[in-house]
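Enquirer: Got a sequence here, can you model it:
(chains A, B, C, D, E and F)
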Protein chains: 6
Amino acid sequence: MNPEALRRVLAAALAEDLGDAGDLTTEAIARPDDRLEAVVVARAGGRVAGTDVIAATYGMLDDRVAVDVHHPDGCDVEAGASIATVVGPAAPILTGERVALNLLGRLSGIATATAALVASIAGTGARITDTRKTTPGLRALEKYAVRVGGGSNHRFGLHDAAMVKDNHIALAGGIGPAVGAVRLRVGHTVKVVVEVDDLDQLAELLEVGADVVLLDNMAPMTLAEAVAIVDGRMVTEASGGVTPSTVRAVAESGVDYISVGWITHSAPTLDVALEVR
Amino acid sequence: MNPEALRRVLAAALAEDLGDAGDLTTEAIARPDDRLEAVVVARAGGRVAGTDVIAATYGMLDDRVAVDVHHPDGCDVEAGASIATVVGPAAPILTGERVALNLLGRLSGIATATAALVASIAGTGARITDTRKTTPGLRALEKYAVRVGGGSNHRFGLHDAAMVKDNHIALAGGIGPAVGAVRLRVGHTVKVVVEVDDLDQLAELLEVGADVVLLDNMAPMTLAEAVAIVDGRMVTEASGGVTPSTVRAVAESGVDYISVGWITHSAPTLDVALEVR
Amino acid sequence: MNPEALRRVLAAALAEDLGDAGDLTTEAIARPDDRLEAVVVARAGGRVAGTDVIAATYGMLDDRVAVDVHHPDGCDVEAGASIATVVGPAAPILTGERVALNLLGRLSGIATATAALVASIAGTGARITDTRKTTPGLRALEKYAVRVGGGSNHRFGLHDAAMVKDNHIALAGGIGPAVGAVRLRVGHTVKVVVEVDDLDQLAELLEVGADVVLLDNMAPMTLAEAVAIVDGRMVTEASGGVTPSTVRAVAESGVDYISVGWITHSAPTLDVALEVR
Amino acid sequence: MNPEALRRVLAAALAEDLGDAGDLTTEAIARPDDRLEAVVVARAGGRVAGTDVIAATYGMLDDRVAVDVHHPDGCDVEAGASIATVVGPAAPILTGERVALNLLGRLSGIATATAALVASIAGTGARITDTRKTTPGLRALEKYAVRVGGGSNHRFGLHDAAMVKDNHIALAGGIGPAVGAVRLRVGHTVKVVVEVDDLDQLAELLEVGADVVLLDNMAPMTLAEAVAIVDGRMVTEASGGVTPSTVRAVAESGVDYISVGWITHSAPTLDVALEVR
Amino acid sequence: MNPEALRRVLAAALAEDLGDAGDLTTEAIARPDDRLEAVVVARAGGRVAGTDVIAATYGMLDDRVAVDVHHPDGCDVEAGASIATVVGPAAPILTGERVALNLLGRLSGIATATAALVASIAGTGARITDTRKTTPGLRALEKYAVRVGGGSNHRFGLHDAAMVKDNHIALAGGIGPAVGAVRLRVGHTVKVVVEVDDLDQLAELLEVGADVVLLDNMAPMTLAEAVAIVDGRMVTEASGGVTPSTVRAVAESGVDYISVGWITHSAPTLDVALEVR
Amino acid sequence: MNPEALRRVLAAALAEDLGDAGDLTTEAIARPDDRLEAVVVARAGGRVAGTDVIAATYGMLDDRVAVDVHHPDGCDVEAGASIATVVGPAAPILTGERVALNLLGRLSGIATATAALVASIAGTGARITDTRKTTPGLRALEKYAVRVGGGSNHRFGLHDAAMVKDNHIALAGGIGPAVGAVRLRVGHTVKVVVEVDDLDQLAELLEVGADVVLLDNMAPMTLAEAVAIVDGRMVTEASGGVTPSTVRAVAESGVDYISVGWITHSAPTLDVALEVR
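Expert: Just a heads-up that it's a prediction; the model follows:
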């Protein structure tokens, strides 16, 4: 997990929680010598992702807090499982609790949702991939959680791969001119992805070629036809409105990748809690 | 909506999307004179929140993009409704699309979930309130969305109200000492909230008093009993595992506030899109 | 003392002192092996506040500098007293001297002025509280110094308590509408303070109620009358033009709190120096 | 006044005042169409400094607030004088009031204190100069206020002039080696100031020379003797414990500059207020 | 040119030039009404790149300065040519001069060096591309200048393409395992580049395949052989010690790209000056 | 070397190299237990400057990387010399390689170019000094490298010395008024430099005096004449178009300083590499 992005997100989270006045309650109650031992517990089953969050949060508050992770990233746990133990001075442990849990729960929620999709297409050759529909400021962390869930990352942003979509095609006056303009602008280390809406556009694309074709909002049968037409000349990706109940049919069409937005924008958080022993 | 928080979140979102290399595709294709007119559309029904996001995003990219909002924050829209029109140079409109939609969809999702809960307790005297279970870095914006949804805000962080919880009580050796320590530390402009788990603790609390009592994880019947015992001496708040199906029963117990975490941590995003005309 | 605020303030102070070129003089003269032992000395009597500043400053420059505090925050010292000892490499000790002393002297000056006011109202039930008339960027630290001086903190800003003042009342068309509007906007964890100028306004306020009434610029006799009228239904606070010579009379009126701006905006610095042994 | 430093200081001040939750009171009460006309008034006489603060503060909140300055920086005003008029939407005018006044009052306080010292040495050839005993983060603004008060600036930090003090001399083993080491390190565009405690040290310094000699803690008669000895070969500066009652005697010793720390670290703020019309 | 990167670099440059004390000289001399008309002139012939720098610099200082560009990015000018005219208040024009020229000269120097290389391989099918040997903090701007010079961009960093080099191969225990590990980690939108040192490694690579092969430090004849072996199955890139005198021979080997580090790390600046009319 | 400037520059460099996605290749290949020993090697002879860069870069990535410097700043090394050894976990060593080398090579390149100029004027009384023609954001580091090369620093920016140039003289209406205005504005710790183009201007300057006279673009013979006229009353500095082939003649004119822009804006980087053992 990108440590600099983690640090930045946690700093923002601590700032909004502590404000200028700090943790009024804990500062009033916890004495310097008070110590705690607490356990980070999963209150629901799921795939753990983001355990580095715990030590990183406490490291920002007080480096005397020791964190011992029992179920590292990638583990599937049941409700009640202990993810990590936290031992140290009482004040920072209570102060940092919510910040650590909020992020750990979110990332584990994403990994859990991804893992469920991955499981449901087992045996097909397809892979689940993410989108740019991520939480503002958390993209690097959320895409990490997707990988922990067994998914594969799509581009990180507008800057690391070119992706020609319907509006670009309209502006350029066709797929050919659009792809041509992109090839002129980007270097040889950048992949070109092109989104097509139907088989006519696919045929148009095959004349100029691309690295990846994104088959948008097609029924599984059309997808299978498209895969046959492409015949290995481009990586194929299905996208648009894929749900847990439709994903297997999509995968069985033979596409290489299936991109799903809701694993990052709408996956419910995994319920995690800090229980003092 | 806090404009500085909005600016900070959008700057982070644009940075992660654009990287150093920028929008490779749009830069390659859009000519300086290309102009677009596009509409931000709701693809599902819900409560709109965060329309300032649109103008703020485009204002960071190119101040020639004009945004006209048709359904401002607080409107309930149906699927297909036009939320705003965006007119201007093509390049920034395409470049900023995802950043603007990601945040608008998230905030509207929170407002929609909140509004549904509020509606389901209509006629009771209770109000829905939020928690600190928010997305790291987005708390100010998400709490705004809760207000747009008809909810009321709980404290913004550890710094603007004191809240004595189980672990504090254990450290202090009882509710009395815990509340006493807090009163010594905080000034006269800070409210003191105390969480109790059962009616015994409630009795203990009533001896020292507080501004708000948080009745944690109690059944509606116990809540009603607690409300009767408190008898107006403190504001009452129910919390813990409240769901859309249980919220009305909780509200009918007579509590003043019901705090619900999932409206911020797990509400699904509202599907919004940018459609070029 | 808020460690993040301290770090931010010291970073700014070091940046303005060191610029890009650094400490021209010390870099030229101090050799790598030169070591110093120095003592932070009070050159005038007062209440010490902010000793964390010393270690924090040197920690930013060179972690080999050891700081040993003899008179921690809250001690009353006489002129000539040693507050702390600093031992380590000569260069960082000389380079950080002015930054550390500037902040330590300012915070100790505030604590000293506050302690003097607190002492002068001993035996009354009143407490000294601060205002928002603080140094830009130093509020969290200055409010800490007020607590060290025995004072109590008023709100930290516009965000953590509502305070209805004359201009708000004028805009809203009366105390009732103003307080009503505030109650609609803020949650149940926020206190509402209302400023009144005379007993007529006080009567108007009592009809709607508030958590705290700020009795502005009233003579001690009027204050006493107001306290009697309020009769425990709200916390009472006197403000406006309170000086060391008038504070006791104000306190004897029976008010709960007396807010004083000059302890933060005009208290003279406590003279502290670094003496090399 | 350094616009970037001003912007940075105001941003910090607004952040600490607004927090994440914003101005709870004003947001609740002020309607979008409410407008105000207010006057920034001096409640005590003094030298105005920092009027740019007003427009800069309001410019950060709402660019529709118009500021018209009647008494620009450098004016001497009497109690009751109107410094500026502020007209525009009510909400930002009330929200920004305290931030603007805190800084304007502090800078005007410094200018007022400086101007009083300057007046008291009128007719001598000496000039008042400042020190590095400034508020953390506000040095550029406070040194500007000193100039508005008729004072001259000493170095801005450790980086823009070399200043050899007692501890440097002790480390180097004498004035000669200390000055020699500094000359080797700094370029030809940097002045070298040397602090001496008595006439013996002054004699030692004259053997190697410097741009400025700082005569530390000397009685006026000794200062006069030192000035005679220097005889124009260096700029002379008196420092140490200068007060309003001693400054004229110091000036009459013939020194070129008198540095005074309290004009920045302990000058009382000038009482300024915002009065709504 | 990435406007956010440009803004960040210029802000740093202005900060180091202005410090806290500002432009001492110009502030002393230029009166508010003084106006200037000045011309940015090329003192040597070359390819212009970075003209946005001029307006961006002045926009940060004073938005009344008007900039009119005569030779926009991509123009080849001769010594003496006027690149842009700058008209407005005298003070900001003089204050911003050096910052604007330093960056414009550097970017134009890179474009000029690149254009010379591009010209020298005219008629071959090869393209000049850059490396990661750029100035810290300026990469986005320098890679833009390479494009202005007719070059093509290599990857922007470690994050937007995978590149397997000798040390990676050694760690993984061969080209096959190295490429395999990378393919597992990166998504389908990321290209894989592999560096080979000789034809044996090339054969090894062809077994697993890659998007780009980087032929490191090979003589033109070996390059030609490698190109023949690859036979269009991968993009070919030559790198290592290419100089203006050897570049044509390298290009004639038939490689697709030639990467050259010195166009960014050692190209001399183009001499540009601001001449007041 | 200014540690804060170093930290800022390296943070920017790492950010642009790592982006949000990180080092795709190394993360895929290096296992947690993989360790490396590598040597930073000079591939060409030169003066080493900036070795602190190596430990600072790796300290930001992983504090388990140990750096041992064999040829510290100021050493003259031959091609093939080992500058430092780096030992530790493989991943951070590979990830930080390019960032560390880019900055070390640039600073060593500047030191090398400066040392060559210094050597070529050996025996004259002149010193080489730098200019403000530095890389945006790197000025403090580049000026340090000039000192390592045996040069002396000119002013760091517009803020730490006053320098009256032709445009200032034109605005003020002559050298006398320009110098007079500057003296009024700046304090007694700031040096005043004045640029003159010919001996007439020099005569005009001598009437009012300055600390330093910058003799711009004069032939060696004219410089000698100017030095004789100045006769020790000001420090003399030659500037303008000095090259390695002309610098000795300039130095022999008797000037005190020779400022050279190209040592910072156009010195080629010193070729340094990381070789894994």
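Enquirer: From here on, just use CA atoms for contacts and neighbour counts.
Expert: OK.
Enquirer: would you list every one of the helices in chain A?
Expert: All helices of chain A, identified by DSSP state H, fall at A:3-18, A:24-29, A:52-61, A:90-120, A:139-148, A:166-172, A:175-185, A:199-208, A:220-230, A:247-251, A:262-265.
Enquirer: Mean pLDDT, mean neighbour count and distance to chain C for those helices - can I get that in CSV?
Expert: Converted to CSV, the helices of chain A look like this (pLDDT from 0 to 100; neighbours: other Cα atoms under 10 Å in any protein chain shown; distance: least, Cα to the nearest Cα, whole Å):
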stretch, mean pLDDT, mean neighbour count, distance to chain C
helix A:3-18, 96, 20, 9
helix A:24-29, 97, 24, 10
helix A:52-61, 98, 20, 9
helix A:90-120, 98, 25, 12
helix A:139-148, 98, 26, 24
helix A:166-172, 96, 18, 42
helix A:175-185, 97, 19, 39
helix A:199-208, 97, 15, 53
helix A:220-230, 98, 18, 50
helix A:247-251, 97, 22, 43
helix A:262-265, 95, 26, 28
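Enquirer: quick one, which of those is nearest to residue D:187?
Expert: helix A:3-18 (38.6 Å; Cα to Cα).
Enquirer: Just the closest residue of the stretch 151-277 of chain A to chain F, please.
Expert: With Cα to the nearest Cα as the measure, residue A:156 is the residue of the stretch 151-277 of chain A nearest to chain F, at 6.9 Å.
Enquirer: how far away is residue A:163 from chain B?
Expert: Relative to chain B, residue A:163 is positioned 6 Å away (Cα to the nearest Cα, to the nearest Å).
Enquirer: Excluding chain neighbours, what is closest to that residue?
Expert: The shortest distance from residue A:163 to any residue other than its chain neighbours is 4.5 Å, reached at residue A:193 (Cα to Cα, 6 or more residues apart in numbering or on different chains).
Enquirer: again with residue A:172
Expert: Leaving aside its chain neighbours, residue A:172 sits nearest to residue A:178 (5.1 Å; criterion: Cα to Cα, 6+ apart).
Enquirer: Could you tell me how far the one you found is located from residue C:18?
Expert: Residue A:178 is 53 Å from residue C:18, where distance means Cα to Cα, to the nearest Å.
Enquirer: wait, doesn't residue A:157 sit right on residue B:16?
Expert: Yes - with contacts counted by Cα atoms under 8 Å, residue A:157 reaches residue B:16, the gap being 6.6 Å.
Enquirer: any idea how far residue A:217 is from residue A:199?
Expert: 12 Å.
Enquirer: Just list the residues touching residue A:224, thanks.
Expert: Residues in contact with residue A:224, defined by Cα atoms under 8 Å, 6 or more residues apart in numbering or on different chains, are A:253-255.
Enquirer: ChimeraX command to pick out the buried ones of these?
Expert: Selecting in ChimeraX just the buried members of these, where the criterion is 16 or more other Cα atoms under 10 Å in any protein chain shown, is done with this command:
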select /A:253,254,255
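Enquirer: export the contacts of residue A:224 to JSON lines and tack on distance to chain B and pLDDT?
Expert: What follows is the contacts of residue A:224, written out as JSON lines (distance: Cα to the nearest Cα, whole Å; pLDDT from 0 to 100):
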{"residue": "A:253", "distance to chain B": "26", "pLDDT": "97"}
{"residue": "A:254", "distance to chain B": "28", "pLDDT": "98"}
{"residue": "A:255", "distance to chain B": "24", "pLDDT": "98"}
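Enquirer: give the contact list for the closest residue to residue A:252 other than its chain neighbours.
Expert: Computed as Cα to Cα, 6+ apart, the closest residue to residue A:252 that is not its neighbour in sequence is residue A:124, at 6.1 Å. Contact analysis of residue A:124 by Cα under 8 Å, 6+ apart lists A:251-252, A:254.
Enquirer: Hmm, residue A:165 and the residue nearest to residue A:172 touching each other?
Expert: No - contact between residue A:178 and residue A:165 fails when scored by Cα under 8 Å: they sit 9.3 Å apart.
Enquirer: Next one, pLDDT for residue A:241 please.
Expert: If you check residue A:241, the pLDDT there is 83.
Enquirer: Any idea how many residues pack against the closest residue to it other than its chain neighbours?
Expert: With sequence-adjacent residues excluded and distances taken as Cα to Cα, 6+ apart, residue A:241 is closest to residue A:217, at 6.9 Å. As a burial measure, residue A:217 scores 16 neighbours (other Cα atoms under 10 Å in any protein chain shown).
Enquirer: who in the stretch 151-277 of chain A is up against chain F?
Expert: Residues of the stretch 151-277 of chain A that fall close to chain F, judged by Cα under 8 Å from any Cα of the partner chain: residue A:156.
Enquirer: Write out the residues of the stretch 151-277 of chain A neighbouring chain B.
Expert: Going by Cα under 8 Å from any Cα, the residues of the stretch 151-277 of chain A near chain B are A:156-164, A:167-168, A:171-172, A:178, A:181-182, A:184-186, A:265-269, A:276.
Enquirer: can you rerun that using 7 Å?
Expert: A:157-159, A:162-164, A:168, A:171-172, A:178, A:181-182, A:185-186, A:265-269 (Cα under 7 Å from any Cα of the partner chain).
Enquirer: ok, now the stretch 1-150 of chain A?
Expert: Counting by Cα under 7 Å from any Cα, the stretch 1-150 of chain A sits next to chain B at A:9, A:12-13, A:16-19, A:21-26, A:28-30, A:102-103, A:133-137.
Enquirer: how many neighbours does the closest residue to residue A:65 other than its chain neighbours have?
Expert: Ranked by Cα to Cα, 6+ apart and with sequence neighbours excluded, the top spatial neighbour of residue A:65 is residue A:88, at 4.4 Å. Residue neighbour count, defined by other Cα under 10 Å, stands at 20 for residue A:88.
Enquirer: Residue A:88: what's it in contact with?
Expert: Under the criterion of Cα atoms under 7 Å, 6 or more residues apart in numbering or on different chains, the neighbours of residue A:88 are A:35-37, A:64-66.
Enquirer: change it to 6 Å
Expert: Residues touching residue A:88, when contacts are defined by Cα atoms under 6 Å, 6 or more residues apart in numbering or on different chains, comprise A:35-36, A:65.
Enquirer: Look up which residues are beta-bridged to it.
Expert: For residue A:88, the beta-bridge assignment (DSSP bridges) gives partners residue A:36.
Enquirer: where does it land on pLDDT?
Expert: According to the predicted model, the pLDDT of residue A:88 comes to 98.
Enquirer: Relative to chain F, how far out is it?
Expert: Distance of residue A:88 to chain F, given as Cα to the nearest Cα: 23 Å.
Enquirer: how distant is stretch A:192-204 from the center of its chain?
Expert: Chain-centre distance of stretch A:192-204: 26 Å, with Cα atoms, centre = their mean, to the nearest Å.
Enquirer: For that stretch, which outside residues touch it?
Expert: Contacts of stretch A:192-204 with the rest of the structure, by Cα under 6 Å, 6+ apart, involve A:162-165, A:210-216.
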